[in-house]
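**Student:** sequence first, predicted coordinates after that:
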Number of protein chains: 2
Amino acid sequence: MANTHVKEMQALKEHLGKHQLKLTRQRELILNAFLRQEHITAEAMYHQLAKSDPHLGLATIYRTLNLFCDAGLAQARHFGSQTKYDNVSHKGHHDHLICTGCEKIVEFENEEIERLQEEVAARNGFTIKTHRLELYGLCSRCRH
Amino acid sequence: MANTHVKEMQALKEHLGKHQLKLTRQRELILNAFLRQEHITAEAMYHQLAKSDPHLGLATIYRTLNLFCDAGLAQARHFGSQTKYDNVSHKGHHDHLICTGCEKIVEFENEEIERLQEEVAARNGFTIKTHRLELYGLCSRCRH
DNA sequence: TATCATTTTGAGACAGTTTATCAATTTCAA
DNA sequence: TTGAAATTGATAAACTGTCTCAAAATGATA
């Protein structure tokens, strides 16, 4: 199975090098599995990888996903009692509409909002690397 | 100490009446404390109220804050590993520019972004109650 | 106001998620 | 190849939030 995620692997290696961290078999394995997802929980990834690698520990999954966050490859999003790790490289970036009634999540993108964010950032001397936008409310079904 | 939150108390009583629930000393106490906050965690409220009422149980705080959510007075949001209960009657916006270099945080407001958020929500049948927008990047000082 | 079915409370047990611990193993620079 | 440093796996521990249940409080009714 070829590594089709050369760019992300490069980014990970760069982060590891900068922080005196090491590239391990597990980190490669988890990265490849992670990049195939749009977003996933640690627990789900644990079960998924257990099929091919039964001795991979849950703690390692958590540690590695948090490492990916530090490296800018992933972004943690807390909802309900679980943490979902978003794949940042997956189709740019998506924001979320979250129904507080039924917990339904709708993803959206809005270029105009992105543009205004850049504008706000520039006005304050910032260069944006990533962002998080979550709108909380009630979906049409839950409003009634 | 007079109850200065007549409107919210009225809304709570209405909810209680509709659902065969009872108005208790604890619910009044917690409501008054809650309405003084913009947002608070159950744990924080527990410690705050423990000073004047050492026997108020943590479970009661959780139950009551969830009751407020049902009554439309509060809204739960998950932040990190904790749940914050937003006071719905406060409508302050808290958008943030966060520097990943020096951790500086700049607050901002942008009406145009807010308007576009409403638009996106409406297009998806949602009614927004609150939102969270965080822009991560480098400030001018850290970029160099 | 007294009665009493129903709801609520407090205290702690419990459950689900994430992190800490630590001996054994692996990595990688020299 | 060597060895200091980082990482892993297994599991204990921590944390947040919910459940349990006997005792207490509430409020509708008489």
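**Tutor:** Thanks, I have the structure now. Numbers count the residues shown, from 1 in each chain, chains lettered A, B, ... in the order given.

**Student:** where does the closest residue to DNA strand C within chain A sit: helix, strand or coil?
**Tutor:** Nearest to DNA strand C, among the residues of chain A, is A:Thr83, at 3.0 Å (C-beta to the nearest atom of the strand). Using the backbone N, CA and C atoms, a C-beta is placed for each residue, glycine as well. Classification of A:Thr83 using DSSP: H, G, I helix; E, B strand; the rest coil returns strand.

**Student:** for the nearest residue to it once chain neighbours are set aside, phi and psi?
**Tutor:** Using C-beta to C-beta, 6 or more residues apart in numbering or on different chains and skipping the chain neighbours, the partner closest in space to A:Thr83 is A:Ala76 (5.4 Å). With angles defined as degrees, to the nearest 10, A:Ala76 sits at phi -90, psi 140.

**Student:** partners of A:Ala76 in the sheet?
**Tutor:** Beta-bridge pairing for A:Ala76 (DSSP bridges): A:Tyr85.

**Student:** wait, it sits on A:Asp70?
**Tutor:** No: using C-beta atoms under 8 Å, A:Ala76 is not in contact with A:Asp70; the gap is 10.5 Å.

**Student:** so who does the residue of chain A closest to DNA strand C touch?
**Tutor:** A:Thr41, A:Ala42, A:Ala76, A:Arg77 (C-beta atoms under 8 Å, 6 or more residues apart in numbering or on different chains).

**Student:** now swap in A:Cys69 and tell me
**Tutor:** A:Gln75, A:Ala76, A:Tyr85.

**Student:** was I right to think the last one contacts A:Phe34?
**Tutor:** In other words, A:Tyr85. Yes: counting by C-beta under 8 Å, A:Tyr85 does reach A:Phe34; the two are 7.1 Å apart.

**Student:** mutual contacts of the two, please.
**Tutor:** Contacts common to A:Tyr85 and A:Phe34, judged by C-beta under 8 Å, 6+ apart, are A:Ile40, A:Leu65, A:Phe68, A:Ala74.

**Student:** rewinding a little: out of the contacts of A:Thr83, who's nearest DNA strand D?
**Tutor:** The closest of those to DNA strand D turns out to be A:Ala42 (C-beta to the nearest atom of the strand; 11.6 Å).

**Student:** that closest one: neighbour count?
**Tutor:** Using other C-beta atoms under 10 Å in any protein chain shown, A:Ala42 has 21 other residues around it.

**Student:** hey, where'd the strands end up in chain A?
**Tutor:** A:39-41, A:74-79, A:82-87, A:95-99, A:105-108, A:127-138 (DSSP state E).

**Student:** quick one: residues contacting the residue lying closest to A:Leu65 once chain neighbours are set aside.
**Tutor:** Spatial nearest neighbour of A:Leu65, chain neighbours left out: A:Tyr85 (4.8 Å); criterion: C-beta to C-beta, 6+ apart. Listed by C-beta under 8 Å, 6+ apart, the contact set of A:Tyr85 reads A:Phe34, A:His39, A:Ile40, A:Thr41, A:Ala42, A:Leu65, A:Phe68, A:Cys69, A:Ala74, A:Gln75, A:Ala76, A:Arg77.
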